[in-house]
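Novice: Kindly generate the corresponding structure for this input.
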Amino acid sequence: MAKYAAALDQGTTSTRFMIFDHHGQVVAMDQKEHEQIYPKPGWVEHNPLEIWERTQEVIEGALRKSGISPKEIAAVGITNQRETTLLWEKATGKPVYNAIVWQDTRTDKICNDLAAEGGQDRLRPKTGLPLATYFSGPKIRWILENVPGVRERAERGEILFGTMDTWIIWNLTGGVHVTDVTNASRTLLMNLQTLDWDDELLDLLGIPRAILPQIRSSSEVYGYARGALEGVPVAGDLGDQQAALFGQACYDPGEAKNTYGTGCFMLLNTGTTPVPSQSGLLTTLGYKIGNAPAVYALEGSIAITGALVQWLRDNLKMIENSRDIEGLARTVEDNGGIYFVPAFSGLFAPYWRSDARGIIVGLTRYINRGHIARAALEATAYQTREVLDAMNRDSGITLTALKVDGGMVYNQLLMQFQADILGVPVIRPKVAETTSLGAAYAAGLAVGFWETFDELRANWGKDTEWHPQMSPELREKLYAGWKKAVERTFGWVEG
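Specialist: Next up is the predicted model:
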């Protein structure tokens, strides 16, 4: 009898394999980082073969550490950095180019050309998304246009496209070429209503249908694993933010979560009907469990949050470890009057400005490293407030609390400031690794390891809650300063 469900979480900076028991508790985990490749300013790539190697290593590592046999694992779910785009040879599995990461801005011209007729929102009615460098479709087109011979081979059916979930599943199962509705909804190629690739969108972007994976639900058996997980059903697939929504047990319309990772992503469950955004949010798929109707979400995507802390660590050498940021920020009482807007890849929600670039404003001789560290943390909280305000406007629902997860939620200073600047309680669950948990839940539901949403809800438990302590006057004063700083980032890159 299987005692566990597992998840493979292929993230932007690392890959990990986690094994959970029936109560949703972590039993084993292994994690490895992979290289971030920056060939030019604004370009971000990953080596897909390195990622597949890391994937195999973390699976073997977690099994070895725990002594758990694959026979004890009911199913494995996949969750992934979304929009990161890869094309590979069907016959050999060899990538034709590095994976182009979701943060990459090289498709700016493609997006601007497409927006010249009908504007940035011309595809929103079908896709729920603005034309932006963030999404996969323009990245596919860039590879087809810029890597010699690939377009011709794609049209002959020799090339496959996938986001990282598709790449992992293809390798794990020995050739099953699928994605799920959540990942497909981030390509600018899927119709939100039909949940299928849209011929009009494919024609517009010049992408052959033959390269695309089959779109499936987020919870069903796609195939069976080979290698270290030999015979384990591969039965869950969710983009990382949707997996976190699922792992946070946000199963009712009006429930929301915010994940603090490389970027920050707030999702609000809007039920079985897509809600168009008037405020710069994305209308996206939340999840689809087997044959049940698809559940939609509104999403606010922020490109740079945890990545800003990594930048202070790696580029400026201000700290040795990411966790040191809190201690450094606590050496000062406030931000000293500075704001740090990390528009390294332009600004995502709610602005969608690819012409923006990062700035620090308000500098005086008084400012020291502590102020910069504090302003870096505060940037995450301010960007989250912008998204929450947009979500309240679009949904007509005023959020009364925010469930949070991801690596940065152990930063007490940030979480308290987040509650202060939002004016609502911030709640961290006992299992903060909700992305992996959500993928394990989807896989477990597909094979009957868990039967109902009520079982999953019962696993959710509150760990810590932060309540606002700031006066409304100070909150609005600080936030007004942030809005002013954001405006200073616009128009830096001339198109």
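
Novice: all contacts plus neighbour counts: C-alpha atoms, from now on.
Specialist: Fine.

Novice: hey, C-alpha coordinates of stretch 396-405 in CSV?
Specialist: Output of stretch 396-405 as CSV, limited to C-alpha atoms (Å, rounded to 0.1, in the frame of the first residue of the first chain):
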residue,chain,number,x,y,z
GLY,A,396,-15.3,43.3,-6.3
ILE,A,397,-14.1,41.2,-3.3
THR,A,398,-12.2,42.9,-0.5
LEU,A,399,-9.6,40.5,0.8
THR,A,400,-9.7,40.3,4.6
ALA,A,401,-6.4,38.3,5.0
LEU,A,402,-3.6,37.1,2.8
LYS,A,403,-2.2,33.5,2.9
VAL,A,404,1.5,33.5,2.1
ASP,A,405,4.1,31.0,1.2
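
Novice: what about Glu200, which helix or strand?
Specialist: Assessed by DSSP states H and E, Glu200 sits inside helix 199-205.

Novice: strand partners of the following helix or strand past that helix, parallel vs antiparallel please.
Specialist: Using DSSP H and E, the helix or strand that directly follows helix 199-205 along the chain is strand 214-216. Based on DSSP bridges, the pairing partners of strand 214-216 within the sheet are strand 178-180 (parallel).

Novice: After the partner strand, which helix or strand is next? Please name it.
Specialist: Later in the chain than strand 178-180, the nearest helix or strand by DSSP H and E is helix 181-184.

Novice: For that next one, name the packing helices and strands.
Specialist: Here helix 181-184 touches strand 214-216, strand 233-239, strand 282-287, going by 3 or more CA pairs under 8 Å, 6 or more residues apart in numbering; DSSP states H and E.

Novice: gap between the first one and the chain center?
Specialist: Spelled out, that is strand 214-216. Taking the mean of its C-alpha atoms, strand 214-216 sits 20 Å from the chain's own mean (CA atoms, centre = their mean, to the nearest Å).

Novice: Then stretch 127-138?
Specialist: With CA atoms, centre = their mean, you get 14 Å for stretch 127-138.

Novice: Ok, stretch 438-458 next?
Specialist: That offset, for stretch 438-458, works out to 21 Å (CA atoms, centre = their mean).

Novice: do the same with stretch 198-206
Specialist: 25 Å.

Novice: how about that stretch: buried residues?
Specialist: Asp198, Leu201, Leu202, Leu205, Gly206 (16 or more other CA atoms under 10 Å).

Novice: With stretch 314-323 instead?
Specialist: Quick answer for stretch 314-323 (16+ other CA under 10 Å): Met318, Ile319, Ser322, Arg323.

Novice: List the contacts of that stretch.
Specialist: Val309, Gln310, Leu312, Arg313, Ile325, Arg369, Asn411 (CA atoms under 8 Å, 6 or more residues apart in numbering).

Novice: again with stretch 338-346
Specialist: So stretch 338-346 is in contact with 42, 103-105, 303-305, 308, 352-363, 371-372, 375-376, 379, 481-482, 485-486, 489, going by CA under 8 Å, 6+ apart.

Novice: Show only the entries of those residues found in helices.
Specialist: Among the contacts of stretch 338-346, DSSP state H puts Leu308, His371, Ile372, Ala375, Ala376, Ala379, Gly481, Trp482, Ala485, Val486 in helices.

Novice: from memory the first one sits against Ala375, does it?
Specialist: No - under the criterion of CA atoms under 8 Å, Leu308 lies out of contact with Ala375, with a separation of 10.5 Å.

Novice: Comparing these two, which shows the higher neighbour count?
Specialist: Between Leu308 and Ala375, counted using other CA atoms under 10 Å, Leu308 has the larger neighbour count: 25 against 22.

Novice: show me the contacts for that one.
Specialist: Pro342, Ala376.

Novice: Okay, it and Val341: tell me how far apart.
Specialist: With distances taken as CA to CA, to the nearest Å, Leu308 is found 10 Å from Val341.

Novice: Name the residues that touch stretch 479-489?
Specialist: By CA under 8 Å, 6+ apart, stretch 479-489 touches Tyr339, Phe340, Val341, Ala343, Ala356, Arg357, Gly358, Ile359, Val361, Tyr382, Ile421.
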